[in-house]
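Asks: Give me a 3D structure for the following:
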Amino acid sequence: MQKNIVGKVKRVVGPLLEIESDAPIGMLDMIEVGEDRLIGEIVHIKENSLFAQIYEDTTGIKAGTHIISEGGPLSVELGPGLLGTIYDGIQRPLEVIRNQTGHYIKRGFRPPALDRNKKWHFKPTVLAGATLSQGSIIGTVPETEIIEHRIMLPPGKAGLIKKIKPEGEYTIEETIAVIENQGKDEEIKLYQKWPVRKSRPYTEKMALNEPLLTGQRVIDTLFPVAKGGTVIIPGGFGTGKTMIQHAIAKWCDAHIIVYIGCGERGNEITDVLMEFPKLIDPHSKKPLMQRTLLIANTSNMPVAAREASIYTGITLAEYYRDMGYHVAIMADSTSRWAEALRELSGRMEEMPAEEGFPAYLPTRLAEFYERAGFVTTLDQKEGSISIIGAVSPPGGDFSEPVTQHSKRFVRSFWALDRHLANARHYPSISWTESYSGYIQDIAPWWEENIDPDWKKYRRNIIDLLQQENKLQQVVKLIGEEVLPDSQKLILETCRIFKNTFLQQNAFDDIDKYCTAEKQIKMLKLIITFYQEGKEALNKGVTILRLKRTRSYREIIKMKFTITNEDCVQLDNLSAELKKELNSLGALYEKEF
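Replies: Prediction:
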């Protein structure tokens, strides 16, 4: 990109600069400020004045400081070496910065996002003379032990392959192919660039009919999300938003994980950076970082970079989606991103909307969540991006603007409950406030691959939870003791479901992850307990006697004692339960 002086600083308002300029500079073009070459972006143009948000500390910037244009918008480098790397909000590699400048980011220091010296083993998949369309895969690189990086023709570039390098070791700067595109020869390298605020093209968006399995029972069974779907997790401080995202990042069946720490506290981001490199991918038994990409932008870093971080993350996700991978994005938290928008909007003296947020907040949220989806790529492969966004409403108030506007653009809502968190019930997802709009879409997948009665059993337990919710109002007034045994059975069944099924221990070797097969068998067993218990009560058995049975004790501890591999034992336990309760019922019938 061509660089030239386009103006000088007129006014400094925190991270916002007003610039005097007569140059033909475009909206969202990147600039560099002063001798330190601070990085910024044009966000507003008014007559001869330009307004730029600066991604770094503006301390010391004076009126009259020269502005240099980079001649294009904020873009990211896309190529081998992304996975396992920790970037800031504008794709500066933090580990490289630490090694070269120490623990603090030097102003204006902007090392390349990808290593220019490392050689990658390139293996071509096409021959010279082939005519290819945009997005076609021309070769592969083993980026990590578990992820194959597919080298694609950039969007907008297609034509006859005139030359292609043989299998061998190459840096990302070396030309690996030459194509004739509209009469001109163009060089193809192992990497490409793409502007972050522009979504990457695809052939078509497809229906969402396959679940993103997370191994968390309350999610997969009650409030599932589809691959390519969107969900928000609103909750107050300490309710477990970050821990849920950690669990999903580790256990979900997406190929690639992009974790965006957007404006969160430094200690939380530190926990992520310290923990993730130690985690082992449960599917491949390799380090989880081999399929993970981290973007760390803490709350003490400049707000402009925070605002850009989610666009950087979604663009990197789209790149891997275009290779044919399923990608899951954890955005923690979109509230901090919205607060950055509010601060920048206020400094530009824009008219505020509700609670001071800019009037275009809903539009920006929609632009972000709309980049999710299950698509057919330009190369006719299937790929998806699923977005799991955390929301941090002040005081846990779900009526605030970020939560309310986000609900308009997502189809799953996992509301975190303060009372559950205080009771150490994790995940603290409320079964009364949460919902999923993907049930009808993914039910055929569950019924075809797991159990034909999945939808029926799910409906049964939700009906029981609704009945239990009404009974709890009575219990608060007059106590549980005065209820008939039939209603006590509903309360007991729901108590088992909450403690044994919905509550999950992330530190237990067996309970931390639950397969879809084990989930449905556990659910069926709990429903069987209710149905068989109801029959036993009709024969004169008391609820107290039911709770003394061996089967009851086994059900209570089944999540800790029965592994995913041995979940057939749950079928055996169901058969034992029926036999024991039938015998008990027959005994009571004889006595009475």
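
Asks: only C-alpha atoms for contact and neighbour calcs from this point on.
Replies: Noted.

Asks: In stretch 560-578, which residues are buried?
Replies: 562-564, 567, 569-570, 573-574, 577-578 (16 or more other CA atoms under 10 Å).

Asks: For residue 444, what is the enclosing helix or strand?
Replies: helix 439-449 (DSSP states H and E).

Asks: what does residue 317 give?
Replies: Using DSSP H and E, residue 317 falls in helix 303-322.

Asks: circling back: contacts for the helix or strand following the helix holding residue 444?
Replies: Downstream of helix 439-449, the first helix or strand assigned by DSSP H and E is helix 454-478. Helix 454-478 is contacted from outside by 221-222, 443, 446-447, 487, 490-491, 494, 520, 523-524, 527, using CA atoms under 8 Å, 6 or more residues apart in numbering.

Asks: and helix 454-478, which residues are buried?
Replies: 454-455, 457-458, 461-462, 464-465, 468, 471.

Asks: how is this structure carved up into domains?
Replies: Domain ranges of the chain: 4-73, 115-190, 204-229+250-388, 454-591, per automatic domain parsing.

Asks: Check these for me and report the most buried one.
Replies: Comparing these by mean neighbour count (mean count of other CA atoms under 10 Å), domain 204-229+250-388 comes out on top with a mean of 21.

Asks: Report the rounded mean pLDDT for that domain.
Replies: On average, the pLDDT along domain 204-229+250-388 is 91.

Asks: How far does that domain sit from its chain's centre?
Replies: 4 Å (CA atoms, centre = their mean, to the nearest Å).

Asks: what about it, start to end distance?
Replies: Using CA to CA, to the nearest Å, the end-to-end distance of domain 204-229+250-388 comes out at 22 Å.

Asks: got the residue ranges for the helices in the stretch 201-350 of the chain?
Replies: In the stretch 201-350 of the chain, the segments counted as helices under DSSP state H, counting those that start in this stretch are 217, 241-251, 266-275, 303-322, 334-347.

Asks: and the least confident helix or strand in the chain by mean pLDDT with helix 241-251, angle?
Replies: Among the helices and strands of the chain, helix 266-275 carries the lowest confidence by mean pLDDT, DSSP states H and E, at a mean of 76. Angle of helix 266-275 versus helix 241-251, following axes from the mean of the first three to the mean of the last three CA atoms, to 10 degrees, is 20 degrees.

Asks: what does helix 266-275 contact?
Replies: Contacts of helix 266-275 (CA under 8 Å, 6+ apart): 261, 296, 298-300.

Asks: measure residue 427 to residue 328 for me?
Replies: Going from residue 427 to residue 328 by CA to CA gives 19 Å.

Asks: ok now do the nearest residue to residue 501 once chain neighbours are set aside, which residues does it touch?
Replies: Nearest residue to residue 501, sequence neighbours excluded (CA to CA, 6 or more residues apart in numbering): residue 217, at 6.6 Å. When contacts are counted by CA under 8 Å, 6+ apart, residue 217 is found next to 501-502, 504, 514, 519.

Asks: so what's residue 72 up against?
Replies: Contacts of residue 72 by CA under 8 Å, 6+ apart are 1, 26, 28-30.

Asks: how about 6 Å then?
Replies: Shown in contact with residue 72 (CA atoms under 6 Å, 6 or more residues apart in numbering): 29-30.

Asks: And it, its phi and psi?
Replies: With angles defined as degrees, to the nearest 10, residue 72 sits at phi -170, psi 170.

Asks: Same question for residue 136.
Replies: Note on residue 136: backbone dihedrals following degrees, to the nearest 10 are phi -70, psi 150.

Asks: Relative to residue 150, how far out is it?
Replies: 9 Å.

Asks: Please apply the same query to residue 32.
Replies: As judged by CA to CA, residue 32 and residue 150 stand 33 Å apart.

Asks: again, but for residue 279
Replies: From residue 279 across to residue 150, the span is 25 Å (CA to CA).

Asks: okay if I get the contacts of helix 454-478 as CSV plus distance to residue 36?
Replies: Formatted as CSV, the contacts of helix 454-478 follow (distance: CA to CA, whole Å):
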residue, distance to residue 36
221, 54
222, 53
443, 57
446, 57
447, 60
487, 72
490, 68
491, 66
494, 63
520, 60
523, 61
524, 65
527, 67
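
Asks: ok, those residues vs residue 361, which is closest?
Replies: Residue 361 lies nearest to residue 222 out of these, by CA to CA, at 30.2 Å.

Asks: Show the contacting residues for residue 383.
Replies: 321, 324-326, 374-375.

Asks: so of those, which ones are in strands?
Replies: Applying DSSP state E to the contacts of residue 383, the entries found in strands are 326, 374-375.

Asks: Could you say which helix or strand holds the closest residue in space to residue 521 that isn't next to it in sequence?
Replies: Once flanking residues are discounted, residue 521 sits nearest to residue 570: 6.3 Å by CA to CA, 6+ apart. According to DSSP H and E, residue 570 maps onto helix 568-591.

Asks: and that helix, what's its mean pLDDT?
Replies: On average, helix 568-591 scores 88.

Asks: which helices and strands does that helix pack with?
Replies: If you count contacts as 3 or more CA pairs under 6 Å, 6 or more residues apart in numbering; DSSP states H and E, helix 568-591 packs onto no helix or strand.

Asks: CA atoms of it as CSV?
Replies: Listed next in CSV are the C-alpha coordinates belonging to helix 568-591 (Å, rounded to 0.1, in the frame of the first residue of the first chain):
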residue,chain,number,x,y,z
VAL,A,568,-25.0,-48.9,28.0
GLN,A,569,-25.0,-49.4,31.8
LEU,A,570,-27.7,-46.8,31.9
ASP,A,571,-30.0,-49.1,30.0
ASN,A,572,-29.2,-51.8,32.5
LEU,A,573,-30.0,-49.5,35.3
SER,A,574,-33.3,-48.6,33.7
ALA,A,575,-34.2,-52.2,33.5
GLU,A,576,-33.2,-52.7,37.1
LEU,A,577,-35.3,-49.7,38.1
LYS,A,578,-38.4,-51.1,36.4
LYS,A,579,-37.9,-54.5,38.0
GLU,A,580,-37.3,-53.1,41.5
LEU,A,581,-40.3,-50.7,41.4
ASN,A,582,-42.6,-53.4,39.9
SER,A,583,-41.6,-55.8,42.7
LEU,A,584,-42.1,-53.1,45.3
GLY,A,585,-45.5,-52.2,43.8
ALA,A,586,-46.6,-55.8,43.9
LEU,A,587,-45.5,-56.2,47.5
TYR,A,588,-47.6,-53.1,48.6
GLU,A,589,-50.6,-54.4,46.6
LYS,A,590,-50.5,-57.6,48.6
GLU,A,591,-50.2,-55.8,51.9
